[in-house]
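Participant: got a sequence here, can you build the structure:
(chains A and B)
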Amino acid sequence: MSNCPRLDLHIPEPASRPGEQSVLGVLVLPEAGETRRPDTLAPEPELRDLPFGLIRVLDDAGRAVGPWQPSISPDRLRHGLRAMMLTRAFDERLFRAHRQGKTSFYMKSTGEEAIGAAQSMVLGRGDMCFPTYRVMSWLHARDYPVTEMVNQIFSNAKDPLKGRQLPILYSARDYGFYSLSGNVGSRFGHAVGWAMASAYKNDDKIALAYIGEGTTAEGDFHEALTFASVYHAPCILCVTNNQWAISSFSGIAGGDETTFAAKAIAYGLPGLRVDGNDFLAVWAATEWAAERARANKGATLIELYTYRAGGHSTSDDPTKYRPADEAETWPLGDPVERLKQHLIGLGEWDEERHAALAEELDQQVRAAVKEAEAVGTLGKSKPPVSEMFEGVFKEPDWRVIEQRRELGV
Amino acid sequence: MPTMNMIQALNSALDVKLGDDPDTLIFGEDVGYFGGVFRVTDGLQKKHGLKRCFDAPISEGGIIASAIGMGAYGLRPIAEIQFADYILPAFDQLVSEAARLRYRSNGEFWAPITVRSPYGGGIFGGQTHSQSPEAIFAHITGLKTVIPSTPYDAKGLLIAAIEDDDPVIVLEPKRLYNGPFDGRHDQTLRTWAGLPEAEVPEGHYTVPLGKAAVVREGGDVTVLAYGTMVHVAKAGIEDAQVDAELIDLRSIVPLDIDTIVASVTKTGRCVILHEASRFGGFGGELSALAQERCFWALKSPVQRVAGWDTPYPHAFEWDYFPGPARLAAALQRAMED
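Facilitator: As a prediction, the model looks like this:
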């Protein structure tokens, strides 16, 4: 035997579990305004501190501070707030619809609404988002018809995806929203290929893609970063670090060892770590990366540091694996509250208008759900069954034709 | 009419498409400056430019994912996977993404990609350079799989694949790249020179996907084959001295069911020949189709001749490779019943 200690396998565990005091409140994070803002065209070797900082604009009082303050008109800020509030109202109503048996499945974006909303507004109409299932605020910020979303969730006769997809796995090309799939991460490389195609065509469009922090362990993540790096693909690759991949905390994906943004360093890409609950910070970082991409400087990896306030899906009970009060102790607060405070501080908003807007959006969602319910909920209404056989190939082959006949549709 | 071997015919197809469609581009491992390990992309980068034909990282998943993204944008990318054995890291992209993108998005997005890959055995490539994975693609709804057996078909099918709006996998029988091979490995190698199926026009033409070729007409038994096995089948039929009808499927998806049914109904006997291992292979599907649609015309059980259900062995290549003798024996059995 040697004098060395015996080897011991390390299994990461989160700092707290159900029944224990949440420790998130004591996380040491950079202050708002603390992380520097380099020039968008700065060479990558000069940017290697950024993945270990945290881009924050809104301080605890809701004031915009520091070098990353974006210039956004009050109207645009209110539009963003509205998209976030609509997402929340929508989530609450449709989560309830699931409990009432009107759909098979639902996933909330609660706590992460700033991400999709801000990025949707920064990017142009010709750009393409390769989404995950928790960036529905992208569509709300672009005024995608709410009733269409509910029709999709209810898989009813007016489902825009003809009953072929799980609820919320939308596709909305006209809104710059690529087709979702339940396989996590598999579209990350599509965004890179799409961006490569834009560059190949000497176009001016860029791609933006999301992956969850847990999914950074998939090969797709590393393959996409390799291709983005090699070909200088004009894209923004985002890791939404919401701390939890179903019941596995971010340490299981490697988050205890380094930041997810820092994974960019090995690929020679800039990595930004951003307060994902700060609408202004997300906006500013996205603008920075978009400007860089459009200047032929290639891709940026952005870690959006946030917290999944709800469960993973309607099939998940987060109180089984994490302290019940964890969301409330999240030190970066609630994105909706923070933007509201900021607007109030600017003199562009007040509590009464906020309450009125919340009520209006709730009514809007109720009306949309009612309209969709009139068409039908899951199992009560569906697109023509013949639709099941459409679109397998551009032109159906004999199997599809024969089997459709066999089913009698 | 110029004579081309299969490599030259494939190269010509790519050259034609790079020339007539600025939205096509080729990428894959070693395909650029070097022109591919089998030389299929030889000279294309020099002629058409760096951006039209370039090298990719050793990342099959990344290659197919990028191709899908390019296809969704509106390009017609052609991706090379250096050996079909190495396509498995990209399998999720082909199955979960390329095959379903049109369906799940209700036609908002689609992946008009072509994936070329050398496949099959007979070159002493061992387990990782010899496999025939066509059945696993055939099982995936939404993918098309094309397998040529001659230089003429190789060029016409590849152009048709590139112009197709669905994802198409073109499996190139690498044993046929330089000449036909009938499985008689102990005999002198032959080249394509002088053979009519190697007369390949220089310009644009297509061979439609889903249209089988009747290579040899006959009245007693139908042989279904594709790729290298078409040539093995010719030799096996000669050895067995039977009046066999030989059908080269050319693509397994889409499958030319009408030609198969017409032939098996006519002959009343069917023998299926493929290189891939037998259990769960595409021969099982062909056999089931023949039974379902031609049962009352059948005079003997449908037979399958295929690779054995072992990994592809290096030293035992010629014991594993389904040669003419095994086909001839199966034909005799079919005729006895």
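
Participant: distance check, the closest residue to residue A:393 other than its chain neighbours against residue A:338.
Facilitator: The spatially closest residue to residue A:393, leaving aside those adjacent along the chain, is residue B:166, at 4.9 Å (C-beta to C-beta, 6 or more residues apart in numbering or on different chains). All C-beta atoms are positioned from the backbone trio N, CA, C, and that covers glycine. Distance, residue B:166 to residue A:338, using C-beta to C-beta, to the nearest Å: 47 Å.

Participant: ok, residue 148 - contacts?
Facilitator: Just so you know, I chose chain A. Taking C-beta atoms under 8 Å, 6 or more residues apart in numbering or on different chains, we find residue A:148 in contact with A:158, A:160.

Participant: oops, wrong one, chain B.
Facilitator: Shown in contact with residue B:148 (C-beta under 8 Å, 6+ apart): B:6, B:154, B:157, B:158, B:170, B:172, B:173, B:207, B:227, B:250.

Participant: which of those fall within helices?
Facilitator: B:6, B:154, B:157, B:158 (DSSP state H).

Participant: farthest pair within those?
Facilitator: Largest separation among the ones in helices among the contacts of residue B:148 by C-beta to C-beta: B:6 and B:157, giving 11.1 Å.

Participant: which residues touch residue A:47?
Facilitator: Counting by C-beta under 8 Å, 6+ apart, residue A:47 touches A:38, A:270, A:271.

Participant: right, and the last one touches residue A:299 too?
Facilitator: Same thing as residue A:271. No. If you go by C-beta atoms under 8 Å, residue A:271 and residue A:299 don't touch, sitting 10.4 Å apart.

Participant: who has more neighbours, the two?
Facilitator: Neighbours were tallied for residue A:271 and for residue A:299 using other C-beta atoms under 10 Å in any protein chain shown; the higher tally belongs to residue A:299 (31 against 26).

Participant: contact partners for the residue nearest to that one when sequence neighbours are not counted?
Facilitator: Excluding the flanking residues, the one nearest residue A:299 by C-beta to C-beta, 6+ apart is residue A:228, at 3.9 Å. Listed by C-beta under 8 Å, 6+ apart, the contact partners of residue A:228 are A:192, A:195, A:235, A:237, A:267, A:269, A:298, A:299.

Participant: up against chain B, what does the stretch 201-350 of chain A have?
Facilitator: A:201, A:207, A:219, A:220, A:223, A:224, A:226, A:227, A:230 (C-beta under 8 Å from any C-beta of the partner chain).

Participant: can you show me the strands along the stretch 101-250 of chain B?
Facilitator: Using DSSP state E, counting those that start in this stretch, the strands of the stretch 101-250 of chain B run over residues B:114-119, B:144-146, B:168-173, B:213-216, B:221-225, B:244-248.

Participant: how about the first one as CSV, C-alpha atoms only?
Facilitator: So that's strand B:114-119. Provided in CSV are the C-alpha atoms of strand B:114-119 (Å, rounded to 0.1, in the frame of the first residue of the first chain):
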residue,chain,number,x,y,z
THR,B,114,-27.9,15.3,-48.5
VAL,B,115,-25.7,13.1,-46.4
ARG,B,116,-23.2,11.1,-48.4
SER,B,117,-21.3,8.3,-46.8
PRO,B,118,-19.2,5.4,-48.1
TYR,B,119,-20.5,2.1,-46.7
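
Participant: all helices for the stretch 1-150 of chain B, in order.
Facilitator: B:6-20, B:44-48, B:60-73, B:91-92, B:101-104, B:134-138 (DSSP state H, counting those that start in this stretch).

Participant: point me to the residue of the stretch 201-337 of chain B nearest chain A.
Facilitator: Among the residues of the stretch 201-337 of chain B, residue B:254 lies nearest to chain A; the distance is 4.6 Å by C-beta to the nearest C-beta.

Participant: excluding chain neighbours, what is closest to that residue?
Facilitator: Excluding the flanking residues, the one nearest residue B:254 by C-beta to C-beta, 6+ apart is residue B:210, at 3.3 Å.

Participant: quick one: contacts for that neighbour?
Facilitator: A:397, B:251, B:254, B:255, B:256.

Participant: wouldn't the last one be in contact with residue B:208 here?
Facilitator: Spelled out, that is residue B:256. No. Residue B:256 is beyond contact range of residue B:208, at 9.6 Å (criterion: C-beta under 8 Å).

Participant: neighbour count for these two, which is higher?
Facilitator: residue B:256 (21 against 13).

Participant: which phi and psi does the more buried one have?
Facilitator: Backbone torsions of residue B:256, given as degrees, to the nearest 10, read phi -80, psi 80.

Participant: next, the contact list for it, please.
Facilitator: Taking C-beta under 8 Å, 6+ apart as the criterion, residue B:256 is in contact with B:210, B:211, B:212, B:249, B:250.

Participant: any idea how far the fourth one lies from residue A:40?
Facilitator: Right, residue B:249. Applying C-beta to C-beta to residue B:249 and residue A:40 gives a distance of 55 Å.

Participant: residue B:177 is in contact with residue B:6, correct?
Facilitator: Yes. Contact criterion C-beta under 8 Å: residue B:6 and residue B:177 qualify, at 4.9 Å.

Participant: got a list of contacts for the helix or strand of chain A with the lowest mean pLDDT?
Facilitator: Ranked by mean pLDDT, DSSP states H and E, the weakest helix or strand in chain A is helix A:326-329, scoring a mean of 91. The contact list for helix A:326-329, computed with C-beta under 8 Å, 6+ apart, reads A:16, A:22, A:24, A:25, A:111, A:307, A:309.

Participant: ranges for the helices of the stretch 201-337 of chain B?
Facilitator: In the stretch 201-337 of chain B, the segments counted as helices under DSSP H, counting those that start in this stretch are B:228-240, B:257-267, B:282-294, B:317-320, B:324-336.

Participant: again, but for the stretch 251-400 of chain A
Facilitator: Applying DSSP H, counting those that start in this stretch to the stretch 251-400 of chain A gives helices spanning A:279-294, A:326-329, A:335-345, A:351-375, A:398-407.

Participant: nearest to residue A:182 among those would be which one?
Facilitator: Minimum separation from residue A:182 across the helices of the stretch 251-400 of chain A (C-beta to C-beta) falls at helix A:351-375, 22.1 Å.

Participant: how far out from the middle of the chain is that closest one?
Facilitator: In terms of C-alpha atoms, centre = their mean, to the nearest Å, the centre of helix A:351-375 is set 23 Å apart from its chain centre.

Participant: just stretch B:269-289 next, same as before
Facilitator: How far stretch B:269-289 lies from its chain's middle: 15 Å, per C-alpha atoms, centre = their mean.

Participant: gap between the residue nearest the centre of chain A and chain B?
Facilitator: Closest to where the C-alpha atoms of chain A average out (C-alpha atoms, centre = their mean) is residue A:135, at 3.5 Å. Per C-beta to the nearest C-beta, to the nearest Å, residue A:135 is found 17 Å from chain B.

Participant: find the residue closest to that residue in space, skipping its chain neighbours.
Facilitator: Nearest in space to residue A:135, with sequence neighbours left out and distances taken as C-beta to C-beta, 6+ apart, is residue A:116 at 3.5 Å.

Participant: any idea how far whichever strand or helix holds that neighbour is from the chain center?
Facilitator: Residue A:116 is part of helix A:113-122, with elements assigned from DSSP states H and E. How far helix A:113-122 lies from its chain's middle: 9 Å, per C-alpha atoms, centre = their mean.

Participant: the helix or strand just after it - contacts with which helices or strands?
Facilitator: Using DSSP H and E, the helix or strand that follows helix A:113-122 in sequence is strand A:128-130. The contact analysis (3 or more C-beta pairs under 8 Å, 6 or more residues apart in numbering or on different chains; DSSP states H and E) places strand A:128-130 against helix A:188-200, strand A:207-212.
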